[in-house]
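Peer 1: quick one: sequence and predicted model below, then my questions.
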Amino acid sequence: MSGKTSLSRIRNIGIMAHIDAGKTTTTERMLFYTGKTHRIGEVDDGAATMDWMAQEKERGITITSAATTTYWRDAMINIIDTPGHVDFTIEVERSLRVLDGAIAIFCAVGGVEPQSETVWHQADKYDVPRIAYVNKMDRIGADFAGTIQQMRDKLGAVPVPVQIPGGEGDQFEGIVDLVSMTYRVFDVESDGAVFEDRPIPENLQEAAVAAREYMLESISGYDDGLMEKLLADQPVTQEEVIRALRKACLEVAVIPVLCGSSYRNKGVQRLLDAIVDFLPSPLDKPPIKGHIPGSSKAAVRKPDADEPFCGLAFKIMSDAHVGRLTYFRVYSGTVKTGTYVYNANENMKERVARLLRMHANKREDIDEASVGDIVAAVGFRKTATGHTLTDVKHPMILDLMSFPEPVISVSIEPKSRADQEKLLESLTRLAEEDPTFRVTANEETGQTIISGMGELHLEILAERLLREFQVRANVGTPWVAYKETVTQKQSGEGKFIRQSGGRGHYGHVVLTVEPLRDGTAFTFENQLTGDAIPRVFIPVIERSIREAMQNGVIAGGAMIGVKVALTGGSSHDVDSTELAYKVAATMAFRDAVEKAHPVLLEPVMKVEVLAPEDYAGTVMNDLNGRRAHITGIEPRKKAQAIMARVPLAEMFGYATKLRNLSQGRAVFTMEFSTYEPVPDEVLTRRRIGSVN
């Protein structure tokens, strides 16, 4: 149980979509209709409850995931509103890791957009049941059927409409509910809080009957009773339809699809009903699995308050009023204020000074948290994103979360000596919050380098330094985070011998390097037989290779996609030392890499440009000049969607250029795709010789 709410009545859900599909607008209506807020906060006015950061209010976009709790039909709904911009996709990733279900929102005009695909596949990764909500049905160009078809084609999903719109664009007036076979219209004066369920209009009867038949046919295989009634041509009840839809949804076999216009206050109450009816409670999810620390022995926790406590920290945040906040999901057991929990990853106890139930940036103190709760704790010192928190006497570790590597970097330096120490402290705190943000030092120039997922990502972080931490800093121009790899299998040898009277240093290492084709960054294999090198030095050799991979031989870029095998070497009875093998391993690795025809790799981005037909040709010509590989063109209503893969180095300043090319009418999205070798002519033209 969580408080007074039965575990079967808890819903932990996330709201995910492409940028500007209406996630935050929809969340604001949910909070209003459930009584959590007393007025509707609008994103465009900078008054949205869930977009509480200054940068979010100014830009009208969600930057950080925000959590809140509300109630509907005696069910407690924990909601996480996630960003839609690709630079902040880690916020979606770590939220989906701890959620039981999700709402995927699609724009009725844009359909399945690039970031929609990204977050959908993230949900697939964690096997998250979800429902779809086609928003903005009031917009000119809205296409409900087209969006459904795109879900089939682009996502490989099985969408099953449980509603159809009563008109599209200017004609959108109400919603046909296929479960109850009623037509719902909304009162404008009450902001949609008052509605009326009427008989389905004659002009929608035929479409409603056909859509209902398709719905029943799609879900009949998930409920034997429903199947028997349909075969016997007997009437079915709403409860039977909802039961079959729920079972199919929980198995991620079908996606119930709803529609509406959140901005016009139409359709959100039915969406709340669907959350309760179709999405899982903690009891519907399988027991959480992990392993005992220090062993491979499996450990399991059931969603039960009587089980030992187990939770997962998924977000760290700095709060100006209470300090360091650690958001975590409780999978089993109960945790109370003033007690200790065990961080299994760090092998240390953490004291729960305070427990807070969050409503965006507002806090409510609570005494305890139990199964299914998503809360924040004050007092944790070393807990980071992805760490497992458990009962002190029953430790276990859940699977770690994976985070994408940064693709863009800038230099940053304090404006004055007084800002020096504060800058490093603030950057450390930001890096604790965001696993995709990295801070490194360039030993050659003495500069501090910050790296992230895109220009907007680093721009937001630089603004936070000034506004939240009051640190004045100069930020350099962005550059691409190049990488390096090898293309052949080659061996290298390193020998380090120093003798200066008494005991000396002796280390001798032979390595083989070869490319990894499966996307793995690095593997190490000890192929030695016998005791040519004492076993105590093998971990030293591996650590040295990992350190050496941080600086490649071409331009100093970090190396990826390399398999290293320890194939030979020798030792000295007296003079073999850790230092000697560390140096010898580094020498052998660099020797092998230099022979293995190393190449420089650049990040290549997946780009989609939506341009009016009149400007499509001009946009494509410009992309071709940026070394783009056009992968497809899709016709949209009076527009063309141009898909391409473009090197990140060619995309700086593209937003301004695209506005000029299309008179401000074209838009684009961009996300990281892969690393590919830099062409020789580009290397020569740009003389890339130093990469930070």
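Peer 2: Thanks, I have the structure now.
Peer 1: looking at the protein, which helix or strand does the model trust least?
Peer 2: Lowest mean confidence among the helices and strands of the chain (mean pLDDT, DSSP states H and E): helix 54-59, at a mean of 46.
Peer 1: that one: what's the following helix or strand?
Peer 2: strand 66-72 (DSSP states H and E).
Peer 1: for that following strand, the distance to its chain's centre please.
Peer 2: A distance of 20 Å separates the centroid of the chain from that of strand 66-72, by CA atoms, centre = their mean, to the nearest Å.
Peer 1: in that strand, which residues are buried?
Peer 2: The neighbour-count check on strand 66-72 (16 or more other CB atoms under 10 Å) flags 66-70, 72 as buried. Quick note: C-beta positions are derived from backbone N, CA and C, even for glycine.
Peer 1: tell me the one of these nearest residue 614?
Peer 2: Residue 614 lies nearest to residue 66 out of the buried residues of strand 66-72, by CB to CB, at 39.6 Å.
Peer 1: on that earlier part again, closest one of the buried residues of strand 66-72 to residue 368?
Peer 2: residue 69 (14.9 Å).
Peer 1: quick one: contacts for that closest one?
Peer 2: 76-79, 357-359, 374 (CB atoms under 8 Å, 6 or more residues apart in numbering).
Peer 1: please narrow those to those residing in strands.
Peer 2: By the criterion of DSSP state E, membership of the contacts of residue 69 in strands covers 76-79, 357-359, 374.
Peer 1: partners of the one helix or strand residue 14 maps to in the sheet?
Peer 2: Secondary structure assignment for residue 14, by DSSP H and E: strand 10-17. Sheet pairing of strand 10-17 (DSSP bridges) gives strand 75-81 (parallel), strand 101-107 (parallel).
Peer 1: deepest in the core, which of those strands is it.
Peer 2: Mean neighbours per residue, mean count of other CB atoms under 10 Å, is largest over those for strand 101-107, with a mean of 26.
Peer 1: what about the closest residue to residue 586 other than its chain neighbours, how many neighbours?
Peer 2: Counting by CB to CB, 6 or more residues apart in numbering, residue 548 is the residue found nearest to residue 586 once chain neighbours are left out, at 4.8 Å. Residue neighbour count, defined by other CB atoms under 10 Å, stands at 20 for residue 548.
Peer 1: can you give me the helices for the stretch 151-300 of the chain?
Peer 2: Here the stretch 151-300 of the chain has its helices, by DSSP state H, counting those that start in this stretch, at 202-219, 224-231, 238-250, 268-278.
Peer 1: and the third one, what does it pack against?
Peer 2: Yep, that's helix 238-250 we're talking about. Judged by 3 or more CB pairs under 8 Å, 6 or more residues apart in numbering; DSSP states H and E, the packing partners of helix 238-250 are helix 202-219, helix 224-231, strand 255-259, helix 268-278.
Peer 1: show me the shaky parts of the chain.
Peer 2: 1-5, 37-66, 83-89, 320, 360-361, 442-446, 501-502, 637, 684-692 (pLDDT under 70).
Peer 1: have a look at it and report its longest strand.
Peer 2: strand 599-612.
Peer 1: return that one as PDB; C-alpha atoms alone will do.
Peer 2: Output of strand 599-612 as PDB, limited to C-alpha atoms (Å, rounded to 0.1, in the frame of the first residue of the first chain):
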ATOM      1  CA  VAL A 599      40.900   6.700 -38.500                       C
ATOM      2  CA  LEU A 600      39.100   9.800 -37.200                       C
ATOM      3  CA  LEU A 601      35.400   9.400 -36.500                       C
ATOM      4  CA  GLU A 602      32.800  12.100 -36.500                       C
ATOM      5  CA  PRO A 603      29.200  12.100 -35.100                       C
ATOM      6  CA  VAL A 604      26.600  11.800 -37.800                       C
ATOM      7  CA  MET A 605      23.100  13.100 -37.000                       C
ATOM      8  CA  LYS A 606      19.700  11.900 -38.100                       C
ATOM      9  CA  VAL A 607      18.000  15.000 -39.500                       C
ATOM     10  CA  GLU A 608      14.400  15.500 -40.600                       C
ATOM     11  CA  VAL A 609      13.400  18.800 -42.200                       C
ATOM     12  CA  LEU A 610       9.700  19.600 -42.800                       C
ATOM     13  CA  ALA A 611       9.600  22.200 -45.500                       C
ATOM     14  CA  PRO A 612       6.700  23.700 -47.600                       C
END
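Peer 1: list the buried residues in that strand.
Peer 2: Applying a neighbour-count criterion of 16+ other CB under 10 Å, one finds 599-611 buried in strand 599-612.
Peer 1: same question for stretch 181-194.
Peer 2: Buried, per 16+ other CB under 10 Å, within stretch 181-194: 182-184, 186, 192.
Peer 1: give me the residues contacting that stretch.
Peer 2: Residues contacting stretch 181-194 (CB under 8 Å, 6+ apart): 29, 32-33, 40, 166, 173-177, 195-201, 204, 208, 212, 264-266, 268-270.
Peer 1: quick revisit: and the angle for the next helix-or-strand element following the strand holding residue 14 with strand 75-81?
Peer 2: Downstream of strand 10-17, the first helix or strand assigned by DSSP H and E is helix 23-33. Relative orientation of helix 23-33 versus strand 75-81 (axes from the mean of the first three to the mean of the last three CA atoms, to 10 degrees): 150 degrees.
Peer 1: for helix 23-33, buried residues please.
Peer 2: Applying 16+ other CB under 10 Å to helix 23-33 flags 23-33 as buried.
Peer 1: so which elements touch that helix?
Peer 2: Helix 23-33 packs on strand 10-17, strand 66-72, strand 75-81, strand 101-107, strand 130-135, helix 268-278, going by 3+ CB pairs under 8 Å, 6+ apart.
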